[in-house]
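K.L.:
Sequence below, structure please.
(one chain, ligands or ions: 1)
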Amino acid sequence: MSHNQFEQKSQAWSALFSEPMSDLVKRYTASVFFDKRLWQADIAGSLAHAEMLQAQAIISSADLAGIQQGLAQISGEIEAGAFEWELDLEDVHLNIEARLTQLVGDAGKRLHTGRSRNDQVATDVRLWLRAEIDLIVELLLALQKSLVDTAEQHIDVILPGFTHLQVAQPVSFGHHLLAYVEMFARDAERLGDVRRRTNRLPLGAAALAGTSYPLDRERVARTLGMVDEQGRACVCQNSLDAVSDRDFAIEFSAAASICMVHISRFSEELILWMSQNFGFIRIADRFTTGSSIMPQKKNPDVPELARGKTGRVVGHLMGLLTLMKGQPLAYNKDNQEDKEPLFDTVDTLKDTLRIFSEMVGGQINPATGRKEGGISVNREAMEQAALRGYATATDLADYLVKKGLPFRDAHETVAHAVKAAIAHGVDLSELPLAVLQGFNASIEKDVYPCLSLRGSLDARNILGGTAPAQVRAQIARHRMRLG
Ligand code: ARG
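P.N.:
Residues are numbered from 1 along each chain as shown. Just a heads-up that it's a prediction; the model follows:
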């Protein structure tokens, strides 16, 4: 073992311990092989802490300079893959501190003044998660843009809207895609809320009760960018709470789960639309796979996996909630178990969002500078499907209401008309005027435009409705918002 001042560690923690840890217990308690991922946050936190210690005259300028130089070297070593992570040193914090002391001696040993790994790890996870939230919000913006682009190309494409997966009313495919834009916009907004509560500083809470050194916690918060919209330092206000609660991680997992649930709903639709029975869309071959036995198959693996991975992310949320449940104040080692679910949630969500942006909107072709290879739509198949299932029956009822019938009577009249159309195997728009007039004498020739798919869409010219004019207005709003 190279990190000399911790050489005792492989034997026992301190003079207090009479026997060394067994290898099994070492492996069981160590977290370095997953929490080394926090190294950048750990170093940023240490630098901010050390700089404040010096400003408060708790350590000397020479010590600060040593710490800064040592941590810079360690960053370089980790980036170059030259840093030796040691299981014996348990976690990312002890590994870095040991190396620092090896490099700069006593200055390294002074870094931990007024600090505990309890407030250190809580700070690291918050800093790390804050950066990841920012990346995820960017990815959500990119996905929304892909959806808006695709929606804009398909404002006038009509597909059957379903309720209960039964044909209900015709809708614009653009309108349908914009429903998901709304969901992903809320997901981004939710993550913004989570970010605000994540971006608060635990350091200074020390092990659990605060510290006797005159630390300037607000200064550390400002150095680390833990400030609110008004630029005020955000510092956890109770030391017991600061080191022990992981509600920010749970909240993040909840927001990630909701986002994945949205993704899984979209995935389910893509899978249905791609099946031969719908034949509405195709996605690029690179998002599909073949079958080892059935040569004709092209399976929608990416949407299916996204649907499946939603279970995993929701599972992590349950894991974190259960991890926190019943923990007494303050820090308990249980909390070390927060990292793997959190890391996996972030990785899964980021990959999924990246893949979906590309699958929906395509990729820039460097030769043409244009996006290619997104969802391709079979307009005829969609419209044919919308023409089956009497999707404009509500429009006939609305027509009769305009002629003075109470809505309930109109509803009943149209039910008779639909029954007759089914019996003749035709659409409502294919019933001759005389037949329609048999159901209600006020029906005139001007009923036919109302019974067309396009007429049905145009009629829903209300804020949030599917009329192409409304869809265009929504696209303009999203473009302003998304930049
Ligand atoms: N690796 C630990 C964690 O992830 C760091 C904090 C350890 N604190 C302690 N008192 N053992 O939570």
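K.L.:
all contacts plus neighbour counts: C-alpha atoms, from now on.
P.N.:
Noted.
K.L.:
Helices of the stretch 1-150 of the chain, residue ranges please.
P.N.:
For the stretch 1-150 of the chain, the helices defined by DSSP state H, counting those that start in this stretch occupy 23-29, 32-35, 39-55, 61-79, 92-104, 106-110, 117-153.
K.L.:
whoops, the stretch 301-450 of the chain was the one
P.N.:
According to DSSP H, counting those that start in this stretch, the helices that the stretch 301-450 of the chain contains are 301-324, 339-361, 379-387, 393-402, 407-424, 433-439, 447-451.
K.L.:
In this structure, which residue sits closest to the ligand?
P.N.:
Per CA to the nearest ligand atom, residue 336 is where the chain lies closest to the ligand, at 3.5 Å.
K.L.:
Now for that residue: which residues touch it?
P.N.:
Residue 336 sits next to residue 31 when contact means CA atoms under 8 Å, 6 or more residues apart in numbering.
K.L.:
quick one: it from residue 133, how far?
P.N.:
21 Å (CA to CA, to the nearest Å).
K.L.:
Repeat that for residue 370.
P.N.:
Residue 370 is 29 Å from residue 133, by CA to CA.
K.L.:
between those two, which one's more packed in?
P.N.:
residue 133 (21 against 10; other CA atoms under 10 Å).
K.L.:
what residues are up against the more buried one?
P.N.:
Contacts of residue 133 (CA under 8 Å, 6+ apart): 191, 192, 195.
K.L.:
Up against the ligand, what does the stretch 51-200 of the chain have?
P.N.:
91, 117, 118, 121 (CA under 6 Å from any ligand atom).
K.L.:
Please tell me which one of these counts the most neighbours.
P.N.:
Among these, residue 121 has the most neighbours (other CA under 10 Å), with 24 neighbours.
K.L.:
list the contacts for the closest residue to residue 257 other than its chain neighbours?
P.N.:
What sits nearest to residue 257 in space, not counting adjacent residues and going by CA to CA, 6 or more residues apart in numbering, is residue 314, at 5.2 Å. If a contact means CA under 8 Å, 6+ apart, then residue 314 has 253, 254, 257 as its contacts.
K.L.:
Could I get the pLDDT score of residue 314?
P.N.:
Residue 314 is assigned a predicted lDDT (pLDDT) of 98.
K.L.:
Check the gap between it and residue 338 for me.
P.N.:
In this view, residue 314 and residue 338 are 14 Å apart by CA to CA.
K.L.:
same thing with residue 371?
P.N.:
39 Å.
K.L.:
same deal with residue 270?
P.N.:
Separation of residue 270 from residue 338 (CA to CA): 33 Å.
K.L.:
what does the model give residue 268 for pLDDT?
P.N.:
Per-residue pLDDT puts residue 268 at 98.
K.L.:
Residue 267 touches residue 306, doesn't it?
P.N.:
Yes - between residue 267 and residue 306 there is a contact at 6.9 Å, judged by CA atoms under 8 Å.
K.L.:
more neighbours, the two?
P.N.:
Neighbours per residue (other CA under 10 Å) separate residue 267 from residue 306, with residue 306 holding more: 26 against 23.
K.L.:
Mind jotting down where the strands sit in the stretch 201-350 of the chain?
P.N.:
Listed in chain order, the strands of the stretch 201-350 of the chain (DSSP state E, counting those that start in this stretch) span 281-282.
K.L.:
Around the ligand, pick out the residues from it.
P.N.:
Residues of the stretch 201-350 of the chain lying near the ligand (CA under 6 Å from any ligand atom): 333, 335, 336.
K.L.:
Quick check: of those residues, which lies closest to residue 293?
P.N.:
For these, the minimum distance to residue 293 (CA to CA) is 45.3 Å, reached by residue 336.
K.L.:
Now for the nearest residue to residue 146 once chain neighbours are set aside: which residues touch it?
P.N.:
Distances taken as CA to CA, 6+ apart put residue 361 closest to residue 146, at 4.6 Å, once the chain neighbours are dropped. By CA under 8 Å, 6+ apart, the contact set of residue 361 is 146, 147, 149, 150, 371, 372, 373, 374, 375.
K.L.:
Can you lay out these as TSV showing pLDDT and neighbour count?
P.N.:
Listed next are those as TSV, based on pLDDT from 0 to 100; neighbours: other CA atoms under 10 Å:
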residue	pLDDT	neighbour count
146	97	24
147	98	22
149	97	18
150	97	22
371	86	15
372	89	17
373	90	18
374	92	19
375	95	18
